[in-house]
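Undergrad: starting from these lines, generate the structure:
(one chain, ligands or ions: 2)
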Amino acid sequence: MESRQSEPAESHPPQSHPPESILPEVVAPFGARVLAEAAARACDVRAVFGDPVGASSPPAPEPDLARILRGPSGLGTAGLRLVPREEPAPPAEAPGEGPGEAPPAAAEGTPIPGLYHHPVPDPDPVRVEEVSRRIKSWAIDEVSLYPDDWEEEFDGFSVGRYMVACHPDAPTVDHLMIATRLMVAENAVDDCYCEDHGGSPDGLGERLLLAHTALDPLYTTQEYQPQWARSLHADAPRRAYRSAMEYFVQAGSASQADRFRHDMARLHMGYLAEAAWAKEDRVPEVWEYLAMRQFNNFRPCPTITDTVGGYELPADLHAQPAMQRVIALAGNATTIVNDLYSYTKELDSPGRHLNLPVVIADREGLSERDAYLKSVEVHNDLMREFETAAAELTAALPVPSAQRFLRGVATWVDGNHYWHRTNTYRYSLPDFW
Ligand SMILES: CC(C)=CCC/C(C)=C(\C)COP(=O)(O)OP(=O)(O)O
Ligand SMILES: [Mg+2]
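TA: Ligands and ions are numbered 1, 2, ... in the order given. Next up is the predicted model:
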């Protein structure tokens, strides 16, 4: 992969932005220079990575705005549209009560009845196989991620299927690997530091801080630098973070790397709040839980959609409040999807594991079933807010990279639901219908 780190830093004349942009004037403060620059940065991804392995190549970024607004139209691209999606969710079906007991679809799993989502086509099996092969080789040969007896769990996580479903516009398997390594590393940190593979709230702050330096390097004196460098190889989470970040930094721009570091700092702050409540054995109020879950959140995954797609959403567009709102809502919807699909797994885990239904049941005095159904509604409201905000911003910001980024985030949301639904190794639904 060609490194973009060595590119000379661009110098821009000083500019002033108003403190906030409010739709529909959101485009105005960007000015002609930023818009032109953003359009120019919607680069041809093949220039960076070359041809895809195995699968047919997705189309190169399309400069025609009308086509971008319309979204892709080929077979299996329904989930990639940016326009508000008015069609209702498929009718709620109880598990095992599909219409006419039709033969099983290509992928297993039942959607949560009543959950607002957009079905996506099964991910390209050739890509899934190749990503699965390569990620296992990375995990074993490059970062010694897990002992032999975790292999079944690693395979059951199906990260290849996950990432191919979430990034159908990745131009090559190399691009998909950027997201896949990070996803595995993020889960290694969660499992080994926070949860059931040796994790604990005790000492979590120290572990997360030191692991964070694998993403956001320590700059210190010659005397102490080598000790820090060695520490990045001291355990599987740090080895995984360090290596995955190295690949990411080579593929993305400096501002994409910085965006990712910020999202990861948010994630680590969320882990700490969750750990504090676990230590105190306190159930937070529902809004407090939702605030924690906005940080302990999938957000670092959809926000790299442009790097994985081989283009860049400029930092000044990413930073706009309207864009931040869309990203936060998307992250929140995807993360509540996790709370719902992982509900039975977490009920079965030792101690009390917080998730939205558990917190609503406790704080609002509802039965487990009613709290779960209310959580489905919370998710559905978040999804609708996300889609409305994304559609408004899409209409207000006619910049190809922004349009593609917003579509990429929506696609990630749909792919994330697909993975949770189909990961019957990991998740099963409660018996509430
Ligand atoms: C991939 C990534 C950035 C994960 C960060 C946070 C995280 C692990 C989740 C949002 C998933 O939630 P949870 O820890 O509840 O996962 P499982 O339910 O165990 O699958
Ligand atoms: Mg969960």
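Undergrad: drop to CA atoms for contacts and neighbour counts, all remaining ones
TA: Fine.
Undergrad: give me the residue at the spatial middle of the protein.
TA: Geometric centre of the chain, nearest residue: residue 301, 2.4 Å, by CA atoms, centre = their mean.
Undergrad: gap between it and residue 113?
TA: Counting by CA to CA, to the nearest Å, the gap from residue 301 to residue 113 is 26 Å.
Undergrad: next one: residue 158
TA: Note on residue 158: its distance to residue 113, by CA to CA, is 23 Å.
Undergrad: over to residue 187?
TA: Distance from residue 187 to residue 113, by CA to CA: 27 Å.
Undergrad: unless I'm mixing things up, residue 175 is touching residue 311, no?
TA: No - here residue 175 lies out of contact with residue 311, judged by CA atoms under 8 Å, at a distance of 10.8 Å.
Undergrad: what's the neighbour count on residue 121?
TA: Counted with other CA atoms under 10 Å, the neighbours of residue 121 add up to 16.
Undergrad: before we move on, what about residue 277?
TA: Neighbours of residue 277 under the rule other CA under 10 Å: 15.
Undergrad: report pLDDT for it.
TA: Residue 277 is assigned a pLDDT of 97 by the prediction.
Undergrad: measure it to residue 198 for me?
TA: Using CA to CA, one gets 18 Å for the distance from residue 277 to residue 198.
Undergrad: repeat for residue 428
TA: From residue 428 across to residue 198, the span is 24 Å (CA to CA).
Undergrad: pick out whichever of these two has more residues nearby.
TA: Using other CA under 10 Å, the more surrounded residue of residue 428 and residue 198 is residue 428, with 20 against 10.
Undergrad: the more buried one against residue 348, yeah?
TA: No - look at residue 428 against residue 348 with CA under 8 Å: they stay out of range, at 11.3 Å.
Undergrad: quick one: find the helix or strand in the protein with the lowest mean pLDDT.
TA: Scoring the helices and strands of the chain by mean pLDDT, DSSP states H and E places helix 46-49 at the bottom, with a mean of 25.
Undergrad: tell me the SS of the residue of the chain positioned farthest from its centre?
TA: For the chain, the largest distance from the centre (CA atoms, centre = their mean) belongs to residue 223, which lies 37.7 Å off. Here residue 223 takes the coil state, with states given by DSSP: H, G, I helix; E, B strand; the rest coil.
Undergrad: what sits against it?
TA: Under the criterion of CA atoms under 8 Å, 6 or more residues apart in numbering, residue 223 has no contact partners.
Undergrad: interface residues of the stretch 251-400 of the chain facing ligand 1?
TA: Within the stretch 251-400 of the chain, the positions adjacent to ligand 1 are 296-298, 300-301, 335, 338, 342 by CA under 6 Å from any ligand atom.
Undergrad: can you list the low-confidence ranges for the stretch 51-200 of the chain?
TA: Scanning the stretch 51-200 of the chain for pLDDT under 70 picks out 51-107.
Undergrad: quick one, strands of it?
TA: Secondary structure of the stretch 51-200 of the chain (DSSP state E, counting those that start in this stretch): no strands present.
Undergrad: return the residues of it in contact with ligand 1.
TA: Residues of the stretch 51-200 of the chain lying close to ligand 1 by CA under 6 Å from any ligand atom are 183, 186-187, 190.
Undergrad: and these, which is closest to residue 137?
TA: residue 183 (15.0 Å; CA to CA).
Undergrad: burial count for that closest one?
TA: 20.
Undergrad: quick one: residues contacting it.
TA: Residue 183 makes contacts with 159, 301, as judged by CA under 8 Å, 6+ apart.
Undergrad: now residue 409
TA: Under the criterion of CA under 8 Å, 6+ apart, the contact list for residue 409 reads 302-303, 305, 327, 330.
Undergrad: pLDDT value on it, please?
TA: Listed pLDDT for residue 409 reads 98.
Undergrad: can you tell me the helix or strand for it?
TA: Secondary structure from DSSP states H and E places residue 409 in helix 400-422.
Undergrad: cool, and residue 375?
TA: Using DSSP H and E, residue 375 maps to helix 368-396.
Undergrad: angle of that helix against helix 400-422?
TA: With axes from the mean of the first three to the mean of the last three CA atoms, to 10 degrees as the basis, helix 368-396 and helix 400-422 are set at 160 degrees to each other.
Undergrad: from the chain's centroid, how far away is helix 368-396?
TA: Put simply, helix 368-396 sits 17 Å off its chain's centre (CA atoms, centre = their mean, to the nearest Å).
Undergrad: so residue 175 and residue 311 - more neighbours on which side?
TA: More crowded of residue 175 and residue 311, by other CA under 10 Å: residue 175, with 25 against 22.
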